[in-house]
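> the following comprises the amino acid sequence and a computationally predicted model.
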Amino acid sequence: MKKRSLAILILPLAIIILFVIWRNQQNMKKIAKFNSKAIYVYNLTDDKEVLAVNENEKLPMASLTKMMTVLVSLEKIPDISAKTTVDTQSYQRLIDENASMAGFYGGEEVSYRDLLYGAMLPSGGEAADSLAINISGSILQFTGLMNDKAKELGLTNTHFQNADGMDEPGHYSSAKDMAMLLKEALKNGDFRAIFTKKDFTSSQSPDHPMGVYMQSTVFTKLENYEQNGFEIIGGKSGTTEKAGLCWISLAYKNGCEYIVVTMGAPYTDINNTGDGQIKDTLSILEDL
């Protein structure tokens, strides 16, 4: 009787262990197909998950950060046409750190609209930090707003330490959280317009009499690739040493919009990063 009772107790445990092993094997098979550490695909039209690989792993997200920077900014700016200035101190710091820049100068008078497009399309660090400082008085205060928004949206695997996406301890997100952030952000008409824009010319200033011409880092990359049966209509890229190659894109296929997130594709040379994140994105969309 005791042996029978013990067998009854052990059997469910054995089933659970076998299921965990099987699931881990399936995950390893999924990972082997891709260059990226984490992937999440979401059908925005039908409101359902399509593909998830390490979707909840906390990873550096590089300039995908700027999606939250732009969303919070849009919620706090009364008039995006209003004039402001590019913060000189953060501008110089980002130059020293070799960060991606939109092309503005420290102290240059611009509009908030210019900074919003500058943060999203060319991934300008000076634009993102200037938004934070002009809205909240400091980057620290602004990141508090970013973290408040993350909590509001239920992004439990996300924490922001800055507005520009540079590597920093405690600055992380997950592929699923980034997708859920974009899902909510696209409900904002101004955000969607910025996120799906291919290029933009800023307002004129004494520093730039013709304005600053900016192009989306996603759309410029896609010029070299075919899109078979689908169309990528918006996106944001991010690259740092710790984050690797990160991409989030909004695509249209068979009457549905899809969010595709890839994070952590490796590279060895910042001047020749390769295209692991792009290959992952395109192959996923082709297979949908």
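Looks like it arrived, so ask away.
> what are the ranges of the helices in the stretch 1-150 of the chain?
Counting by DSSP state H, counting those that start in this stretch, the stretch 1-150 of the chain has these helices, from start to end: 2-33, 65-76, 88-96, 112-120, 125-136, 139-152.
> the last one - contacts with which helices or strands?
If I follow you right, that is helix 139-152. Applying 3 or more Cβ pairs under 8 Å, 6 or more residues apart in numbering; DSSP states H and E, we find helix 139-152 packed against helix 65-76, helix 125-136. Glycine gets a C-beta too; all of them are placed from N, C-alpha and C.
> list the contacts of that helix.
With contact meaning Cβ atoms under 8 Å, 6 or more residues apart in numbering, helix 139-152 is reached by 68-69, 71-72, 75-76, 90, 129, 131-133, 135-136, 158-163, 177, 181.
> contacting residues around the following helix or strand past that helix?
Downstream of helix 139-152, the next assigned helix or strand under DSSP states H and E is helix 175-185. Applying Cβ under 8 Å, 6+ apart, the contact partners of helix 175-185 are 38-42, 44, 52-57, 59, 61, 64, 67-68, 70-71, 150, 153-158, 173, 191-192, 195, 248, 250, 259, 261-263.
> how far does helix 175-185 sit from the chain's center?
8 Å (Cα atoms, centre = their mean, to the nearest Å).
> could you check the angle that helix makes with helix 139-152?
90 degrees (axes from the mean of the first three to the mean of the last three Cα atoms, to 10 degrees).
> check which residues of helix 175-185 are buried.
For helix 175-185, the neighbour count (16 or more other Cβ atoms under 10 Å) marks 175-183, 185 as buried.
> what's the average pLDDT for it?
The average of the pLDDT scores along helix 175-185 is 98.
> against which helices or strands is the next helix or strand along the chain from it packed?
Counting by DSSP H and E, the next helix or strand C-terminal to helix 175-185 is helix 189-195. Identification of packing neighbours for helix 189-195 by 3+ Cβ pairs under 8 Å, 6+ apart yields helix 65-76, helix 112-120, helix 175-185, strand 231-240.
> switch the cut-off to 7 Å
helix 65-76, helix 112-120 (3 or more Cβ pairs under 7 Å, 6 or more residues apart in numbering; DSSP states H and E).
> off-centre distance for it?
15 Å.
> go on, stretch 222-237?
The answer for stretch 222-237 is 16 Å, by Cα atoms, centre = their mean.
> what of stretch 175-195?
Worked out by Cα atoms, centre = their mean, stretch 175-195 lies 10 Å from the chain centre.
> that stretch: end-to-end distance?
For stretch 175-195, the first-to-last residue distance is 18 Å (Cα to Cα, to the nearest Å).
> just the residues contacting stretch 187-199, thanks.
With Cβ atoms under 7 Å, 6 or more residues apart in numbering as the test, stretch 187-199 has contacts from 70-71, 74, 116-117, 120-121, 185-186, 213-216, 219, 233-234, 250.
> hmm, back to that, out of the contacts of helix 175-185, which end up buried?
38-42, 44, 52-55, 57, 59, 61, 64, 67-68, 70-71, 150, 153, 155, 157-158, 173, 191-192, 195, 248, 250, 259, 261-263.
> coming back round to it: closest one of the buried residues of helix 175-185 to residue 86?
Residue 86 lies nearest to residue 185 out of these, by Cβ to Cβ, at 23.8 Å.
> hey, least reliable of the helices of the stretch 1-150 of the chain by pLDDT?
helix 2-33 (a mean of 56).
> what sits against the residue nearest to residue 246 when sequence neighbours are not counted?
If the residues on either side of it in the chain are set aside, residue 246 comes closest to residue 238, at 4.1 Å by Cβ to Cβ, 6 or more residues apart in numbering. Counting by Cβ under 7 Å, 6+ apart, residue 238 touches 61-64, 165, 246.
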